[in-house]
Each structure stands twice: as C-alpha cells, then as structure tokens.
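K.L.:
pasting a predicted model and its sequence here:
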Amino acid sequence: MSLPKQILDAFGARGRMIATAESCTGGMLGAAITDIPGSSAVYERGFITYTNAAKTQMLGVRADTLTTHGAVSEEVALEMAEGALRHSAADVAVSITGIAGPGGSEHKPEGRVCFGLAVTGQPPRSETVEFGALGRDAVRIAARDHALALLLSAATDGT
C-alpha cells in the first residue's frame, strides 16, 4: 500500500483532517495525497506559498521571522505549519520549505529542507533534513516523501 494511501486510511479511521503548506515542493505533497480516490474525506486543503509574501499573506508567517531566520529555517517551517492549521479546518498540518537547487549558499546549502508539523492541542515541532545536492527533482521528491512520513507518524503515534 502506498504511503499516501496509508496516511488517508490512518487519518480517516480517526476522523481527522490534513492541511499542507508547501514552498520548494510547489504542490507535490498535496498532489501525492489527492492522487488517491477519496482523499477529500481527509485532505482539507493545501497552501502553496512559494514567495515570502505568500507565506506572510496566506499563512501569517511573520515578516521579522523571515528577516531574522530566512525562508529556509525551522522557525519559518513552524510558522507555516501553525498558519496552515489556523487557516483551515484541519487537525494536522505539515509544512515544507527548502532549497531544492540548483544553488544554495555556504550557510544554506542546496538540499537543505525544513519541515514543520502542527497538531491541534500539541506543541508544534520542526526539523531540518540535509538531502544534499541530489539535483532539484530528487530533492523535491525526497522532501515530499519525508513530509508524507511525518504525516504517517502523526497519524499513528496516538496524536
């Protein structure tokens, strides 16, 4: 059974809804979930916030967070996930922001992706994964798959 199908089954069995907030994946996460028939019973909505302005306008990411930490940071990933939860009817929200490439810098290299997970009634959490300079497509796929794994763990760890 595919990971998106496992997620839909697990959340559906609990009567819970999902929201996503994506930057570098540009909707790949939402597409992976909505490729499954019946996903509307679990997938509430997705936000594609590619620019800083979109992150601020759609999710409420604070401008000072973006200025202080940059778009590719756990702080922004947290605010994205919290904003997706706040601006939806979902119980769980996951966010992705990163540098798919090509490019990057010494301080924020290509392949760095930050994730946020917000669950109603629990403290949000974040993490950074260094996928490395795998190439744009591979980084985006790896980020999508990691976010799917975060969702599955949120569905199955009793949260």
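P.N.:
Now that the structure is in, tell me what you want to look at. Only a predicted model underlies this, so the values are computations on that prediction, with no experimental measurement involved.
K.L.:
SS state for the residue nearest the centre of the chain?
P.N.:
The chain has residue 95 as the residue nearest its centroid, 2.1 Å off, counting by C-alpha atoms, centre = their mean. Three-state assignment for residue 95 (DSSP: H, G, I helix; E, B strand; the rest coil): strand.
K.L.:
please spell out which residues along stretch 32-52 are buried.
P.N.:
32-34, 36, 39, 42-49, 52 (16 or more other C-beta atoms under 10 Å). Every residue, glycine included, has its C-beta placed from N, CA and C.
K.L.:
hang on, isn't the residue nearest to the centre of the chain packed against residue 125?
P.N.:
No: counting by C-beta atoms under 8 Å, residue 95 does not reach residue 125; the two are 11.1 Å apart.
K.L.:
show me the helices in the chain, by range?
P.N.:
3-14, 28-34, 52-59, 63-69, 74-86, 136-156 (DSSP state H).
K.L.:
so where's this protein shaky on pLDDT?
P.N.:
When residues are selected by pLDDT under 70, those of the chain lie in 158-159.
K.L.:
run the last query once more with 90
P.N.:
Per-residue confidence for the chain (pLDDT under 90) gives these ranges: 1, 103-107, 156-159.
K.L.:
picking that back up, return every residue with contacts to both of residue 95 and residue 125.
P.N.:
Residues within reach of residue 95 and of residue 125 at once, by C-beta atoms under 8 Å, 6 or more residues apart in numbering, are 78, 116, 117.
K.L.:
who wins on neighbours among these?
P.N.:
residue 116 (28 neighbours; other C-beta atoms under 10 Å).
K.L.:
can you name the residues that contact that residue?
P.N.:
Contacts of residue 116 (C-beta under 8 Å, 6+ apart): 21, 74, 77-82, 93-95, 124-126.
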